[in-house]
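>>> Sequence unavailable; structure follows:
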Ligand SMILES: N[C@@H](CCC(=O)N[C@@H](CS)C(=O)NCC(=O)O)C(=O)O
């Protein structure tokens, strides 16, 4: 059955791999499932046809036969449950890997996204720098806790799982900020994720969309 996901027609990150379709592409590459991509404009994302797939008018979505999903974490969990490669067979290890997917999207990502939101929406306010210091401290707290748990291990719980895929994807949002550099083991962890062939294929596929739009001079 054909899998179709949606992605930005013009990603605001200009092909840096931060839009959340990247996580879905990476998961599909890890399990060797081919997929098609339907590009959507910002305008189309807010219209009825897309809202029927994604009630918040966002990407990514996932369609497979008569199944439609939204929320990248749920999509990754679905892919990982359907195909071998992203979740351990052992029931307890599997449950722990799923917990790491949730930890990435519900414990780590909100504080990290808050930093981006502050920059976009409040960057010109007189109190922005003061607020940023609080936001950065909240991120440091979570990074410190994650760093302590990871320690010297390659991955969060044994072999690479969908939990690592989601966590590395979230940490990528901090690339280029000095914050991640304060935690060498998390930098190495993120680099390990990005070194995976499946990650590289997904990254190139997403970047190709940006390059095609740029070449078209649109
Ligand atoms: N929690 C959602 C967040 C989706 C999301 O924020 N998507 C962004 C792109 S990465 C988007 O569509 N932004 C445009 C908008 O919100 O209008 C998920 O993980 O799928």
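Received the coordinates, thanks. Quick caveat: nothing in here was measured; it's all calculated off a predicted structure.

>>> For residue 197, give its distance to residue 125.
Distance of residue 197 to residue 125, computed by Cβ to Cβ, to the nearest Å: 43 Å. Placement of C-beta: from N, CA and C, glycine included.

>>> Find the residue at the geometric middle of this structure.
residue 169 (3.9 Å; Cα atoms, centre = their mean).

>>> isn't it right up against residue 23?
Yes - taking contacts as Cβ atoms under 8 Å, residue 169 lies within contact range of residue 23: 4.4 Å.

>>> Spell out the secondary structure type for residue 68.
Using DSSP: H, G, I helix; E, B strand; the rest coil, the structure places residue 68 in strand.

>>> Counting neighbours, what do you get for the residue of the chain found nearest the ligand?
Of all residues in the chain, residue 58 sits closest to the ligand, at 3.1 Å by Cβ to the nearest ligand atom. Applying the criterion other Cβ atoms under 10 Å, we find 20 residues in the vicinity of residue 58.

>>> Looks to me like it is in a strand.
No - counting by three-state DSSP, residue 58 is not found in a strand; it is coil.

>>> can you pull the contacts of it?
Neighbouring residues of residue 58 by Cβ atoms under 8 Å, 6 or more residues apart in numbering: 45, 70.

>>> quick one: which helix or strand includes the residue lying farthest from the centre of the chain?
If you look at how far each residue of the chain sits from its centre, by Cα atoms, centre = their mean, the farthest one is residue 126, at 31.4 Å. Secondary-structure assignment from DSSP states H and E places residue 126 in no helical or strand segment.

>>> Check the gap between residue 107 and residue 99 for me.
The gap separating residue 107 from residue 99 is 10 Å, by Cβ to Cβ.

>>> and the closest residue to residue 64 other than its chain neighbours, what pLDDT?
In space, residue 64 comes closest to residue 3 once its chain neighbours are excluded; the distance is 5.0 Å by Cβ to Cβ, 6 or more residues apart in numbering. You'll see residue 3 listed with a pLDDT of 98.

>>> Spit out the contact partners of the residue nearest to the centre of the chain.
20, 22-23, 26, 104, 193.

>>> Would you format those as TSV with distance to residue 155 and pLDDT included?
As requested, the contacts of residue 169 are arranged in TSV below (distance: Cβ to Cβ, whole Å; pLDDT from 0 to 100):
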residue	distance to residue 155	pLDDT
20	21	97
22	19	97
23	16	98
26	15	98
104	13	98
193	9	98
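
>>> still on that earlier bit, my read is the residue nearest to the centre of the chain is in a strand, agree?
No - secondary structure of residue 169, determined by three-state DSSP: helix, with no strand assignment.
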